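**Student:** quick one: sequence and predicted model below, then my questions.
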Protein chains: 2
Amino acid sequence: MSRRVTLSDVAELSGVSAITVSRVLNQPEKVSEPVQNKVNAAISKLGYIPNRSASALASARSGVIGVVIPSLSNNVFNDVLRGVYDVTGPAGYQVLLVDTHYSPIEEERMIRTLLGQAPEAMIITGGNQTEHARKLLEKAEIPIVQIMDKLDEPVDMNVGFSHRKAAFEVVERILAAGYTKLGFLGARMDPRAQQRLQGYRLAMEQAGLLNDDLVLTTPRPSSIAMGCELFKGLVAQSGGLCDAVFCVNDDLALGTLFECQRMNISIPKDLAICGFNDIEASALVNPPLSSVRVPRHEMGVVATEMVIKAIKGEVISERVVDCGYQIKMRESTRAVA
Amino acid sequence: MSRRVTLSDVAELSGVSAITVSRVLNQPEKVSEPVQNKVNAAISKLGYIPNRSASALASARSGVIGVVIPSLSNNVFNDVLRGVYDVTGPAGYQVLLVDTHYSPIEEERMIRTLLGQAPEAMIITGGNQTEHARKLLEKAEIPIVQIMDKLDEPVDMNVGFSHRKAAFEVVERILAAGYTKLGFLGARMDPRAQQRLQGYRLAMEQAGLLNDDLVLTTPRPSSIAMGCELFKGLVAQSGGLCDAVFCVNDDLALGTLFECQRMNISIPKDLAICGFNDIEASALVNPPLSSVRVPRHEMGVVATEMVIKAIKGEVISERVVDCGYQIKMRESTRAVA
DNA sequence: ATTTGGTATGATAGCGCAATCATGATGCCT
DNA sequence: AGGCATCATGATTGCGCTATCATACCAAAT
């Protein structure tokens, strides 16, 4: 059972002090070339791999960025995460990812766990933290970006967009296309889904078209199958009175589309469909689905760049970034003739 | 700038020694109840959060499990990852996730990075490691599971299934349904995709139907849009001669389906389509797509349970688990009349 | 009364590394 | 020639925690 290779093993083999080896690894410009070569040779000969725990303890820098997302199954967060990794990797940070299952209680526990790793920064989805979790975050005194939502009172920094405004605007566009009996389908109903529902309600109310029979939501997880189910539910609940459906996300919209195909409901002639998120499939199904494109990957990138800048002590001029969205009106909500 | 709260702060406030506080956290059964209460009160009063780096250093147990996947964008790995988290969370392990972008060179670097965190175990996708990476893994002397593939010579443990066999079998089924000009579409072409192609070739050859004009692959990333593109390419390349297409994954199959809908090619009358992975959409589109269901979540769960058992020193009776697959024949490959 | 054994708590040391300060060597200026 | 940066390297210390061994105490058994 061979003991782990340490810095001083390398130091001994290369005939220098331990701290010099440390410098070769962390600040090579401070070490002369011949010494560097000796040390590097010893490192590869011994297969030395630095122990990050010890490094973190000694330097008070863990090289870890904590990321809190509500769900691993939701592909939306995947894209964000990819953006995060695209920045952390080259910058030499590790990502510690936790999944809260959409529960603020669990989120608080996860944040506590993460803080135990002494992350140098955190990226957190949304602003729905428990009071205690928020205190923990504030006390941590590290850069924190809350992403996805546009928040009124971010803990620290914020990168997101207004889901309410986006939904409001897309509903206005659908109504402007001539539809009047626009239903709403929602699942999971996390804070962002709630805000989209609010946007829908606001726009419908403003147009004098709000009708609770046209709204159907469930707290259960969202999926394409759930879209099929909810659409059937909405048909039953509204007496088949809808001429359009706004779905809280594209999964539900796809489910609705596929179900309509089976029910011989022609899109958009008999029914218009609009989703949210603009996942890849939406533009490629037949007919292409209208949706709201949101810069998921970009949010991950921007948020990560912000925290890394902040870690380095640089001044962040824009601590709140509204990264906007794009409404994609496609065939599925073509204007009524 | 308040200094971080440490164990000894808690010890001082509660009037016990530091080691006792440590015990309250790690082995509470060894501490009397009144002392536990005192200590816990002090912990919450001070908002103490243990420093995992120090703990890892002192105990030589990091509580970290390293996970290596080739791509964050591929949802297949997402499901696996969810399985991993479902086990690690309750067991109190942290996951350190890295993304190799399908590159063995990058994988080697990532493995090195991971090992620096002194993970107690590792879960790695596939068996395509560089020679050096393999050495590193062996030298690490920690439990390692390679997942997704069924490997001939795993580094340590293995949970997966034979992609070649699965593809071979599903191609046989398609041929048995009466199709003779079965094309193959592939993208990304990682080792698993290659194996599926091999399975296809084997089955086609065995049936005397192999024809290179029916095979079209690209190293570029897979996506639904790529499915559309490849299908158009295959039509051009084969002179429209296919009566069926086997796609290396469901994204390509969906792309093919959607493109066929636009080209007024009727499925399965004019063309049969079969995918691989059985993602949610496959069963819900029209017509439902045949596919091969693979236990992604289960692989994550099983692999993680195995390494955790191994960490605890339990004996793993089955070090190689073939978790199989299920062929789902649906409307898209209905037998020709 | 003494031994034994178990339980609860503490003292000490050290995990592997980097911050800090110290030292010696070198070059360059006046 | 003397003084003073500048550079390369080293010695020491401590980060916050836990392993290890030691100690104090009490109950039961002799």
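**Tutor:** Arrived safely. Residues are numbered from 1 along each chain as shown, chains lettered A, B, ... in the order given.
**Student:** A:Thr88 - that's part of a helix, no?
**Tutor:** Yes - judged by DSSP: H, G, I helix; E, B strand; the rest coil, A:Thr88 forms part of a helix.
**Student:** could you count how many residues lie near the nearest residue to it once chain neighbours are set aside?
**Tutor:** Leaving aside its chain neighbours, A:Thr88 sits nearest to A:Val95 (5.3 Å; criterion: CB to CB, 6 or more residues apart in numbering or on different chains). For every residue, glycine as well, the C-beta is placed using N, CA and C. Residues contacting A:Val95 under the criterion other CB atoms under 10 Å in any protein chain shown number 22.
**Student:** what strand or helix carries A:Val95?
**Tutor:** Here A:Val95 sits within strand A:94-99, counting by DSSP states H and E.
**Student:** now do the buried residues in the next helix or strand after that strand.
**Tutor:** Per DSSP H and E, strand A:94-99 leads on to helix A:104-116 as the next helix or strand towards the C-terminus. By neighbour count on 16 or more other CB atoms under 10 Å in any protein chain shown, the buried set for helix A:104-116 is A:104, A:107-111, A:113-116.
**Student:** any weak-confidence spans in chain A?
**Tutor:** A:1-3 (pLDDT under 70).
**Student:** one more time with 80, if that's ok
**Tutor:** Residues of chain A meeting the criterion pLDDT under 80: A:1-3, A:337.
**Student:** which stretches of it form strands?
**Tutor:** Under the criterion DSSP state E, strands of chain A are mapped to A:64-69, A:94-99, A:121-125, A:144-149, A:157-161, A:182-187, A:215-218, A:244-247, A:272-274, A:291-293, A:320-322, A:326-328.
**Student:** got a list of contacts for the fourth one?
**Tutor:** Contacts of strand A:144-149 with the rest of the structure, by CB atoms under 8 Å, 6 or more residues apart in numbering or on different chains, involve A:80, A:121-127, A:137, A:154-161, A:163, A:191-192, A:195, A:299-300, A:303, A:306-307.
**Student:** could you export that strand as CSV, CA atoms only?
**Tutor:** Only the C-alpha atoms of strand A:144-149 are listed here, as CSV (Å, rounded to 0.1, in the frame of the first residue of the first chain):
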residue,chain,number,x,y,z
ILE,A,144,-23.1,35.3,-5.7
VAL,A,145,-25.2,35.4,-8.8
GLN,A,146,-28.8,34.5,-9.0
ILE,A,147,-29.7,33.4,-12.4
MET,A,148,-32.8,32.7,-14.6
ASP,A,149,-35.1,35.2,-12.9
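**Student:** show me the contacts for the closest residue to A:Asp9 other than its chain neighbours.
**Tutor:** Counting by CB to CB, 6+ apart, A:Asp9 lies nearest to A:Leu46, which is 5.9 Å off, once chain neighbours are set aside. Contacts for A:Leu46 (CB under 8 Å, 6+ apart) come out as A:5, A:9-10, A:13.
**Student:** one more time with 10 Å, if that's ok
**Tutor:** By CB atoms under 10 Å, 6 or more residues apart in numbering or on different chains, the contact list for A:Leu46 reads A:5-6, A:9-10, A:12-14.
**Student:** DNA strand D contacts on chain A?
**Tutor:** For chain A, the contact set with DNA strand D under CB under 7 Å from any atom of the strand comprises A:15-20, A:23, A:29-32, A:34-35, A:54, A:57-58, A:60.
**Student:** residues contacting A:Gly66?
**Tutor:** Taking CB under 10 Å, 6+ apart, one finds A:94-98, A:110-111, A:113-115, A:117-124, A:140, A:142, A:144, A:307 in contact with A:Gly66.
**Student:** let's see that with 7 Å instead.
**Tutor:** A:96, A:114, A:117, A:119, A:122 (CB atoms under 7 Å, 6 or more residues apart in numbering or on different chains).
**Student:** who does the first one bridge with?
**Tutor:** Spelled out, that is A:Leu96. A:Leu96 has these beta-bridge partners by DSSP bridges: A:Gly66, B:Leu96.
**Student:** contact partners for it?
**Tutor:** A:64, A:66-67, A:114, A:117, A:119, B:94, B:96 are the contacts of A:Leu96 under CB under 7 Å, 6+ apart.
**Student:** can you tell me what sits against stretch A:191-205?
**Tutor:** Contact with stretch A:191-205 is made by A:126, A:128, A:148-149, A:163-168, A:171-172, A:175, A:182, A:184, A:186, A:210, A:217, A:246, A:248, A:276, as judged by CB under 7 Å, 6+ apart.
**Student:** is it true that the residue nearest to A:Thr88 touches A:Val68?
**Tutor:** No - if you go by CB atoms under 7 Å, A:Val95 and A:Val68 don't touch, sitting 11.1 Å apart.
**Student:** in chain A, which spans are helices?
**Tutor:** Taking DSSP state H as the criterion, chain A contains helices spanning A:7-14, A:18-26, A:33-46, A:52-59, A:75-91, A:104-116, A:131-140, A:163-176, A:191-206, A:224-238, A:250-262, A:280-284, A:296-311.
**Student:** highest mean neighbour count out of the ones you listed?
**Tutor:** helix A:250-262 (a mean of 25; mean count of other CB atoms under 10 Å in any protein chain shown).
**Student:** any residue of it up close to chain B?
**Tutor:** Yes - with CB under 7 Å from any CB of the partner chain as the measure, helix A:250-262 is seen reaching chain B through A:254-255, A:258, A:261-262.
**Student:** of those, closest to B:Gly239?
**Tutor:** Closest to B:Gly239 out of the residues of helix A:250-262 next to chain B is A:Gln261 (30.5 Å), distances taken as CB to CB.
**Student:** could you find the closest non-adjacent residue to that closest one?
**Tutor:** B:Asn286 (4.6 Å).
**Student:** please apply the same query to A:Asn51.
**Tutor:** B:Ala118 (6.0 Å).
**Student:** so the one you found makes contact with A:Ser55?
**Tutor:** No - here B:Ala118 does not reach A:Ser55: they are 11.0 Å apart, not a contact under CB under 7 Å.
**Student:** please list the residues of the stretch 1-150 of chain A that sit near chain B.
**Tutor:** A:47, A:49-54, A:56-57, A:62, A:72-73, A:75, A:78, A:81-82, A:85, A:94-97, A:99, A:112, A:115-118, A:139.
**Student:** how is chain A carved up into domains?
**Tutor:** A:7-50, A:61-161+A:296-324, A:163-293+A:328-333 (automatic domain parsing).
**Student:** span of the first one from start to end?
**Tutor:** Start to finish, the residues bounding domain A:7-50 are 7 Å apart (CA to CA, to the nearest Å).
**Student:** repeat for stretch A:307-319
**Tutor:** Criterion CA to CA; first-to-last residue distance in stretch A:307-319 is 10 Å.
**Student:** repeat that for stretch A:64-82.
**Tutor:** 16 Å.
**Student:** so does that stretch get close to DNA strand C?
**Tutor:** No - judged by CB under 7 Å from any atom of the strand, stretch A:64-82 stays clear of DNA strand C, getting no closer than 14.3 Å.
**Student:** could you do stretch A:19-39 as well?
**Tutor:** Yes - judged by CB under 7 Å from any atom of the strand, stretch A:19-39 comes into contact with DNA strand C through A:19, A:22, A:25-26.
**Student:** for stretch A:312-326, same thing?
**Tutor:** No - applying CB under 7 Å from any atom of the strand, one finds stretch A:312-326 separated from DNA strand C by no less than 13.6 Å.
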